[in-house]
Structure formats: C-alpha cells, structure tokens
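Novice: can't give you the sequence, but here's the structure:
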C-alpha cells in the first residue's frame, strides 16, 4: 500500500505497470529467440542432409556450404545450450594479485569453440561469395573452383582466427597462490566462501593478455563486422554487375534463359540483405556502445581499445614469452 502523496502513488503504479509490461516483452522475446535458435539448428541440419548427397559433395561451392552448415550448427547449438541451461564452466578465484587474472580452461575451451564457429561460418560465406564472383568474372579459369585452393583458403581462415582468439593462452602458467596474494590475509569477498580455503595453485595469465587483450577484441568486434560486411558487399556488387552484363548479352541473342538470370540476381540481392542485417546491425550497435563508453568515461585508458593495444603495447609484451620473475611488475610497464 502506498502511504505517500497521491502523485508518488501514481508514479509507483506507473513504474509497476511499466515493469510488468517490460517483463512480458522480455518473456516474449526470450521465447521467440528460443524458437528461432531451434529453427536455425533444424534448418541447417536439413540443408546439411541435402548437401551430403553424392552428386553435390564434389563441387567446391557445395563443400563450402557444408562447412558453413556445420559451423552454424555448432555456434547456434552452443548458444542455445548456454542460454537455456546453467553451465558451470568456471570457479571464482579470489585474492589473486592485480597483475594476474585467473584462466579457466573449460571457459576458455567453450569460448574458443564459440568464437571460432562464429567467425568461420561468416567468413566462409565471404569465401563462397568470392568463389562465385571469380567464377563468373573469369569463366575460363578453374583456379577459384579447385578443391585444393578451396581447402587451403578455409584452413588459412581457421588458422588465422584460431591464433586471434587463442594465442594469449600460451602465457597461462600455474602459480603458487600464497606467493601471489593481493594482500596478506586476503579472504573471499562473499560470505558463503569465507570458510573455503584458497587453492594451493592457480592457473593464471598476466593481466595484459588475459584482460586487456580480450577487451581489445570486444572493442574490435564492431570494426570486424563492418569490414566483413563491406568486403561481402563489394564481392556481391561485382557479381551482380557481371550477371547483368551476361543477361543483356543473352537478351540481345533472344535467349530464353534471361528470366533465370533475373531470378538469380534477386536471390543474390536477398542473400546480401540478410547478411548485411545480421552483420551490419550488431556492428553499428557495438560501435555506438564504444562511443558512449568513451564519451562518459573521463579517465578512459586508450590501451584498452583494439588499436590502442597495438599502439601502446611496449616491445616486451609483443614477444611470445614472459619471465615469471617479472609477472608481479607487469602493470608497471603499461603506459596509459
């Protein structure tokens, strides 16, 4: 019951109605997202069954489609499990000094598979668009459709994103907890964990790799998606222009297949629009959030941005090794 002024009671009632409405909207979106995830998994599985048919699987284009379906199923399957089930992939480690951050192997493996599958099915779509474009622009050359070239390009893409998302774990080490406490007599922050003993050993990373680099990747997400959308759009525009030129030549020869080429062009445009929506909207949103964070954070450290990580990262950090004796003094070498 409201015991304050009528105006305050009315505001509380409006807040309650808004919260209930927002809760209903969130529940509806959660259910909708749940069904869309299941639909994507089932659709990719059905598509994969057709692609594995014998007449198709020898074509490099269909091989790329098979790879895209597999990576999409892995990504959406992980996303579905993570959103609908409580997975315990890490155990909070308290009292570790600021120069180190805990490294959780299960969490790292889960995130690595998720990031790799996400990057791969997007960039395999770019590779597929490039194969189609080059095949149309250079019909006398079989270089774009060679199996060896297709597999080599896919492997290089996989290796590149594996290095981007996993190289920093090379610096993970096992540290003796007593030698790397934040301060003597440190205890866990939550009352439920006060009686739990601290671990004897902990797997950890230097903060420059375990925290700053992951933040740099988060900041780079918008730029990566924008770049991907631009590359894909350029390839598709070139392909559409070439298809229109072929269509005009067929019309001049009174070809009956001109209608088919028009349908192909419309299908390519539809695929491009869906790709731009899936990549462009999250990219714009990510860049906008970075802009808001930078505008309202007065003590913002440029080292935490993607380009700042490269620019402000001193030479010792760029080497693929680090001495354990220098680990406690890592933060002293970071220039904001």
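Specialist: Arrived safely, thanks for sending. Please read all numbers here as calculations on a predicted model, not as lab measurements.
Novice: hang on, residue 175 in a strand?
Specialist: Yes - counting by DSSP: H, G, I helix; E, B strand; the rest coil, residue 175 falls inside a strand.
Novice: what about it, neighbour count?
Specialist: 19 (other Cβ atoms under 10 Å). Heads up, the C-betas are built off the backbone N, CA and C, glycines and all.
Novice: Quick check, it in contact with residue 201.
Specialist: Yes - with contacts counted by Cβ atoms under 8 Å, residue 175 reaches residue 201, the gap being 6.8 Å.
Novice: Now do residue 28 against residue 85, distance only.
Specialist: From residue 28 over to residue 85 the distance is 21 Å, taken as Cβ to Cβ, to the nearest Å.
Novice: typo on my end, it should be residue 44
Specialist: Relative to residue 85, and taking Cβ to Cβ, residue 44 is found at 20 Å.
Novice: Those two: who's more crowded?
Specialist: Set residue 44 next to residue 85 and count neighbours by other Cβ under 10 Å: residue 44 wins out with 22 against 7.
Novice: residues contacting that one?
Specialist: 69, 72, 73, 76 (Cβ atoms under 8 Å, 6 or more residues apart in numbering).
Novice: Contact partners for the first one?
Specialist: Residue 69 is in contact with 44, 45, 47, 48, 51, counting by Cβ under 8 Å, 6+ apart.
Novice: neighbours around the fourth one, how many?
Specialist: Residue 48 sits with 16 neighbouring residues when counted by other Cβ under 10 Å.
Novice: any idea whether it is helix, strand or coil?
Specialist: Quick answer, by three-state DSSP: residue 48 is helix.
Novice: Distance of it relative to residue 41?
Specialist: Separation of residue 48 from residue 41 (Cβ to Cβ): 11 Å.
Novice: Report the set of residues contacting both of these two.
Specialist: residue 73.
Novice: about what we covered before: pick the one among the contacts of residue 44 closest to residue 225.
Specialist: Distance to residue 225 across those (Cβ to Cβ) is lowest for residue 72, with 16.5 Å.
Novice: Which strand or helix spans that closest one?
Specialist: Here residue 72 sits within helix 60-84, counting by DSSP states H and E.
Novice: what's downstream of that helix, the next helix or strand?
Specialist: Immediately after helix 60-84, counting by DSSP H and E, sits strand 100-102.
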